[in-house]
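*Asks:* Quick check, what structure comes out for this input:
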Amino acid sequence: MFAFRDLFTFSTSGVIILCGGAGAIAQTVSPVPSTSDPLEGQSISLGTTTSESFSLEADFLPRLGGLSEPTTLAALPTTSEIPDFPTGPHLGGLQPPTSLLAQGAMAPAQTTEPVTSTSSRPIPVVQSPSPEQAINAELQTLLEPIGNPAVTVPQDAATITADNVVDLTFGETIRLALERNETLQETRLNYDRAEAQLREAIAAEAPTLSNQVDITRTDSANGELQARALDRDANATTAINGRLEVSYDIYTGGRRSAQIEAAQTQLEITTLDIERLTEETRLTAAVGYYDLQSADAQVVIEQSSVFDANQSLRDATLLEQAGLGTKFDVLRAEVELANAQQRLTLAEANQKTARRQLARILSLEPTVDPRTADEIDLAGRWEISLEETIVLALQNRQELRQQLLQREIDGYQERIALANVRPLVSVFANYDVLEVFDDRLGPADGLTVGARMRWNFFDGKAAASRADQEKVDQAIAENRFVNQRNQIRFAVETAYYNLEASERNISTAAASVTLAEESLRLARMRFNAGVGTQTDVISAQTGLNTARGNYLQAVTDYNRAFAQLKREVGLGDTILNNPS
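*Replies:* Okay, here's the model as predicted:
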């Protein structure tokens, strides 16, 4: 397993030890007096080698996921010079000093002074808004009637301060993503809606029962004329009429069965959509976790770069004070230290961004600050050939089945469209009751039973045109199937090639880091002995920092490609075989 504690070299002009695996590189150099000691009246020994041994065994570095080449690099100063590193499980137990600029004699002091403009133009300042600007009253009014506790907007900065540090393993990250991701939750809600649509379509197989009650009061001009003709008093009448009707469609021209089958197929599509988004969520969470691991490691790399740059500045300062160096070497070392500090600042910003990105993917509470608890290691090994992987992906990807099911739905919609010009046969039964309150005759009732057929012989070919549209939609679904199949193959090939390239790069980068560490060690020795230049040291430091970054990038790219391959196959973690 690859751990950060096996990755980096912190070398000084004193004793250099390269640790990791079963081998070690040791170099003993006469120490340079500290800047706190007086230089006058002392004989300074710079870079005198008293003993040197170098050995690199085949198993010097631990393997990564079964790779045959060494992949872990480490170099630490002697015990007396190792600073106290704060531990952190998300960094594999190793973090260089948090205040590296405090090391060494000539480290520039940290400053918190505000940035000033280099021109005469004043810099605009953004200050805290007024309470009226900070709280949107209209937004709060819209939120009040919503009972969902998740649908809220914070009003106080204390409620969103991410101060609750939580260390997450890779498995916990995947589990939280599958449980809390909003996109996946929305798809599950779409499944519930599809179930309700299916129940609605099935309900058409049952008869309908309806009731209608009318209460009327009639005082019409016609009634008054009739009363005058019969020499009667014109009285208004009040009546109540109730009707109960049962009806059932015996034949619908295929509409009802097509609607039920279309709803069932849509439910299958929604089920596949849940599976598809589950794989997408799994991939997104995995990539987010790997990105945070990479950001954490990049911070350690840049901290190590700052540490090395600070040591180079200290060596250059001592040589200048001893009369064996130049001011130019000191200035170059100061520039390199400032550049390393800037890279560290950017790496820390990227680390914070990666943490918030992972929190967004997992839908964590605003106060939670996620960290990675697992050390960087290979996610797994892919021992399936490219051709077998492509076949496996095409057989199991949900998107292909979704396109075929959509084609079936278009066929059902064609039948529904043609049903508009086919006969509709139904039976019905009516039972009604009538009571006129002013005639003193009492209520009356009646029963009506019958059958009804309705047939639209001609609709201007609207139904046929609608059916033709559905035929075209079927052809579109077939075309999309072919396009999706080609996209899946290309995605599998891309991920597979990236995995192969990253695996080779891991071995190459590991060897490069080993060589870069040795190059920096020799450059420092030559500089301290007066036969090398500060430029050689800075160049070696830059090369080591680049090599470490390349190694980290290779491991991260490998894990991303491995996660992408799992997603392209569409079988989740069921494809993994974890040997005991």
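*Asks:* Do I have it right that Ala201 meets Gln259?
*Replies:* Yes - under the criterion of C-beta atoms under 8 Å, Ala201 is in contact with Gln259, at a separation of 4.6 Å. Every C-beta, even on glycine, is put in place using the N, C-alpha and C of the backbone.
*Asks:* Looking only at neighbour counts, state which of the two leads.
*Replies:* Between Ala201 and Gln259, counted using other C-beta atoms under 10 Å, Gln259 has the larger neighbour count: 22 against 18.
*Asks:* Now the element after the helix or strand where the more buried one lies, going C-ward?
*Replies:* In the assignment (DSSP states H and E), Gln259 maps to helix 255-321. Scanning forward in sequence from helix 255-321, with DSSP H and E defining helices and strands, the next element found is helix 327-362.
*Asks:* and the angle from that next one to helix 255-321?
*Replies:* Orientation note: helix 327-362 sits at an angle of 160 degrees relative to helix 255-321 (axes from the mean of the first three to the mean of the last three C-alpha atoms, to 10 degrees).
*Asks:* So which elements touch helix 327-362?
*Replies:* Under the contact criterion of 3 or more C-beta pairs under 8 Å, 6 or more residues apart in numbering; DSSP states H and E, helix 327-362 touches helix 170-180, helix 255-321, strand 368-372, helix 534-569.
*Asks:* Check the ones you listed for me: which has the lowest mean pLDDT.
*Replies:* Within those, the stretch with the lowest mean pLDDT is helix 534-569, showing a mean of 87.
*Asks:* in that helix, what's buried?
*Replies:* 534, 536-538, 540-569 (16 or more other C-beta atoms under 10 Å).
*Asks:* distance between that helix and the chain's centre?
*Replies:* 21 Å (C-alpha atoms, centre = their mean, to the nearest Å).
*Asks:* cool, stretch 352-359 as well?
*Replies:* Worked out by C-alpha atoms, centre = their mean, stretch 352-359 lies 10 Å from the chain centre.
*Asks:* tell me the mean pLDDT over that stretch?
*Replies:* Averaged over stretch 352-359, pLDDT sits at 93.
*Asks:* Now do the buried residues in it.
*Replies:* Buried residues in stretch 352-359, counting neighbours by 16+ other C-beta under 10 Å, are found at Ala354, Arg355, Gln357, Leu358, Ala359.
*Asks:* Just list the residues touching the last one, thanks.
*Replies:* With C-beta atoms under 8 Å, 6 or more residues apart in numbering as the criterion, the residues that contact Ala359 are Ala162, Val368, Asp369, Pro370.
*Asks:* Mind picking the two most distant members of those?
*Replies:* Distance extremes for these: the farthest pair is Ala162 and Pro370 at 8.9 Å, using C-beta to C-beta.
*Asks:* still on that earlier bit, let me know the closest of the buried residues of stretch 352-359 to Gln484.
*Replies:* The shortest distance between Gln484 and any of those, using C-beta to C-beta, involves Gln357 and amounts to 28.5 Å.
*Asks:* ok so, going back, compare Ala162 and Pro370 and say which one has the larger neighbour count.
*Replies:* Pro370 (27 against 17).
*Asks:* isn't the more buried one right up against Ser363?
*Replies:* No - the pair Pro370 and Ser363 fails to qualify as a contact (C-beta under 8 Å) at a distance of 11.4 Å.
*Asks:* Checking the closest residue to Tyr558 other than its chain neighbours next. Helix, strand or coil?
*Replies:* If the residues on either side of it in the chain are set aside, Tyr558 comes closest to Ser502, at 3.7 Å by C-beta to C-beta, 6 or more residues apart in numbering. Using DSSP: H, G, I helix; E, B strand; the rest coil, the three-state assignment for Ser502 comes out as helix.
*Asks:* any idea how far Ser502 is from Asp291?
*Replies:* 15 Å (C-beta to C-beta, to the nearest Å).
*Asks:* Glu435: which element?
*Replies:* Mapping Glu435 onto the secondary structure by DSSP H and E places it in strand 424-436.
*Asks:* Quick check: buried residues in that strand?
*Replies:* Result for strand 424-436 [16+ other C-beta under 10 Å]: buried residues Leu424, Ser426, Phe428, Asn430, Asp432, Glu435, Val436.
*Asks:* now do stretch 142-159
*Replies:* For stretch 142-159, the buried set under the neighbour-count rule, 16+ other C-beta under 10 Å, is empty.
*Asks:* From the opening residue of it to its closing one, how far?
*Replies:* Its start and end residues considered, stretch 142-159 measures 20 Å (C-alpha to C-alpha, to the nearest Å).
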